[in-house]
Each structure stands twice: as structure tokens, then as C-alpha cells.
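Colleague: Sequence and predicted structure, then a few things I'm wondering about:
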Amino acid sequence: MKIAGVVAEYNPFHNGHKHQLLDLRRQSECDYLIVIMSGNFAQRGEPTIADKRLRASWALNNGADLVIELPVYYAVANAECFAYGAVSTLNACGISALGFGCETDDLELLRAAARLYHNDDEKLSSLIQAQLSLGLSYPAAVLKALIQYGASDELVDLIEKPNAILGIEYLKALEKVSSNAQVFLTKRIGTGHDSKIASENFASASYIRTNLNEWERYVPNGVILANAPVYDKHFSDLILYKLSTMTDDELLSLPDVSEGLHNLLRYYAKIASSYYEFLESVKSKRYTMARIKRICMCALLGIKAEYQKTPPKYIHVLGVRKESKSLLSHLSNNASLPVIIKGTDSEQLSDEAKRMFDLDVSASNTYALVAKTQRLSDYFSEFLVV
């Protein structure tokens, strides 16, 4: 059985995503295609525009055979942790192929970049640390360091591309988990990852989220918002209250919070009149907007830095295509991690795995509270069959 895997957020699912799934099927000639998808919170520290089960149904109706959930530990983490959590879980499913979209179709260039990072080159590490000491954010420090290191213009240009950065992390993660999965690239068509313009029938997810009046043009037929869209502004009061009441130890236990930043977070959470004002006050050359948003979401959801060092502990099924249900039996019998199909399956997990799953449930409940949808859905809702 040949299984291909894809890492996704589908926030929302658009024509480019459908193109990638179909292209991966063509290239890999797989029997089944598994998507591991972020739940209700995305990697940039924002809530997803729609609930995870609705987004899973979009994928199942447009090329995926099975959708599993990326635990929230990894879903709101930096690129390295996000990729590791996703690839490690797919590896436990027994994938023989991994596909992802990228700004380039030059796999060898991506591999060269991944080797550079994975080998922990001392000279490069020293150059990065020197740039960080000057107050640059990590992405900016890496870029400057690569130029000083003498990396090719082609590689330096690649590092500035969002999909390429994730692609490099996927390759590093495959190496880390000793996977032999074949890698297939689908070059982005139409527009860039965060492009503020559209091209024919293709637009970035961020463009679609801010131009809902153009929704139908850029998504496949049947991809419909069932409820009002959810944005980070809906979590504003919850986040500011949480940050303003946290102790020093609690703030310092969050991912990516360094000494000094914790004071800024609490101070501005207490005086800012809105979440937007808070973000603009804390953001700086050193602290990117994405980093600050991830920290805020981790604070709200109770995610500590130590949690993100934990390897994946289970495979949580969100939905499956009716004609692909045999894949569930295959995973139950062959996966190297426990498979959770219904909430009660979690009762058999180890204590550490149960903590991870309970945090997923808590995150879903927090989202549902704000989105005004069903709570405790991870325990009581049937997994999707389409």
C-alpha cells in the first residue's frame, strides 16, 4: 500500500490546494493520500477562519482520503517544530511519499539548504548568533548570516520564501525521523503565499480571508463557510486578560519568550485598548508579529515550551472518505502510534499522551466558545465520513 502525505492548514481550502493534491496523486501514484491538518489554530498564532471539521470536509471532497489533526502543541509553533510534529505523525502512519507546495521545483536546492541547517555548521551558527545579538529577528538574522557565510544568491533568495522555509523544515524533519519517504514538489501557480493580489482563479489564503466577497472565485465548488468567519480579533479580550494576569514564571514558560519580553507582554496587555494596539506595541525588529501572535495563543491555550519538545503521541482522525475506510483498519493495525477515531479511544493513552490530547480538546472548546459552535466535539462528535 502506497500512502502519500501532505501537511496543511486549509485556512481556507482554495483552488491551489486542490491543484496540489491532484498533482501529488499524479506524481506519487499513491493508493491513498493522508492530510495532516492544523486544528482550530494556525501556525501564525491565529484562529482558523472555520472549524477543523468543516475544513477537513473541504479536503475530503477535493482529493484527500483521510484527514488527521496536527496537535495544537505543534500547530502554533515555529516552523521547525510545526514541521517536525507533522512529519513525525505522518511517518507513524507509514507514508512512502511527502508532497508540498513551494516557490521552486528545484528539490536539490532545498536539500542543500536543509543539509546546511541540519548539520549545525559552527560557522553559520556563530554568524546567526552575532546577528541575533544585534537585535534582529531570527529570520532576518539567518538571512544576513547566509550572505556573510557566502551562500549562493539562489539559496539566499530561497530562504526569503515562506513555502520554501517550511519545505526546508519538512526535509530536516524527514531526516530527523529517519524516513525514506520520497519527496514531491508542486510549484506554486498564480500568486505567492501571502500575496495581496489575485491571479485568474488563484489567490493566497490570506487574500481570500480578507476578501470574502470574492470567496467563490478562488475556492472549489462546495467549499462553503457554514458559520460566521472567525478572526483573531474575536479572541482579543481573552488574550489580553490572560497575559495581564500571568506570573513571571508562567510567562517565561511559554515558547519563544525570553527574559525581558515577558515584562513587555504583561505591561502592554494591561494598558492596550485593543489586541491590535497590543501587537503593534510589542512588535519590534527583534520580535516579529508572527512570533508575538504565537506566544499570545500559547498563553491562552496553556502551551508551555517544554510541551513542544515532546514527540507526537497519537494519530487523531478527523475524517475519511467512504471508499477509503479500509485505510483506517490499515492504520489501526500498522501505525506506530495509537489511532484515535472517537474521543473515548483517548482513555487508553499514556498520561503524557492524554495531556497532549486534553490540550487539543481544551483548544477546540476555547474556539467553540468564541465561534459559538458545539463544545466537547472531540469527545462526542463522530468522525467525518464523506
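Modeller: Great, that's in hand.
Colleague: Phi and psi next, for F100.
Modeller: phi -150, psi 150 (degrees, to the nearest 10).
Colleague: do you know how far it is from V142?
Modeller: Counting by CB to CB, to the nearest Å, the gap between F100 and V142 amounts to 20 Å. C-beta: built from backbone N, CA, C; applies to glycine.
Colleague: Could you do L166 as well?
Modeller: Relative to V142, and taking CB to CB, L166 is found at 14 Å.
Colleague: go on, A56?
Modeller: Distance from A56 to V142, by CB to CB: 34 Å.
Colleague: I'd guessed F82 sits against E169; true?
Modeller: Yes. F82 lies in contact with E169 (CB atoms under 8 Å); the separation is 7.3 Å.
Colleague: Looking at these two, which has the bigger crowd around it?
Modeller: F82 (26 against 22; other CB atoms under 10 Å).
Colleague: Can you read off the backbone torsions of that one?
Modeller: phi -60, psi -50.
Colleague: F202 too?
Modeller: According to degrees, to the nearest 10, F202 has phi -120, psi 140.
Colleague: That one touches G16, doesn't it?
Modeller: Yes. Counting by CB under 8 Å, G16 is a contact partner of F202 at 5.4 Å.
Colleague: Looking at those two, which is more packed in?
Modeller: Taking other CB under 10 Å, F202 and G16 do not tie; G16 has more neighbours (21 against 18).
Colleague: pretty sure Y367 is touching N40, no?
Modeller: Yes. Between Y367 and N40 a contact is recorded at 3.8 Å, counting by CB under 8 Å.
Colleague: what is in contact with those two at once?
Modeller: 47, 51 (CB atoms under 8 Å, 6 or more residues apart in numbering).
Colleague: picking that back up, who has more neighbours, A56 and V142?
Modeller: Set side by side, A56 and V142 show more neighbours around A56, with 27 against 22, by other CB under 10 Å.
Colleague: Identify each buried residue in the host helix or strand of that one, please.
Modeller: With elements taken from DSSP states H and E, the one containing A56 is helix 52-60. Buried residues in helix 52-60, counted by 16 or more other CB atoms under 10 Å: 52-60.
Colleague: so where is the stretch 201-350 of the chain shaky, pLDDT-wise?
Modeller: Filtered on pLDDT under 70, the stretch 201-350 of the chain yields no residues whatsoever.
Colleague: So N62: helix, strand or coil?
Modeller: coil (DSSP: H, G, I helix; E, B strand; the rest coil).
Colleague: Read off the pLDDT value for the closest residue to it other than its chain neighbours.
Modeller: In space, and not counting its chain neighbours, N62 is closest to K18: 4.7 Å by CB to CB, 6 or more residues apart in numbering. pLDDT for K18: 96.
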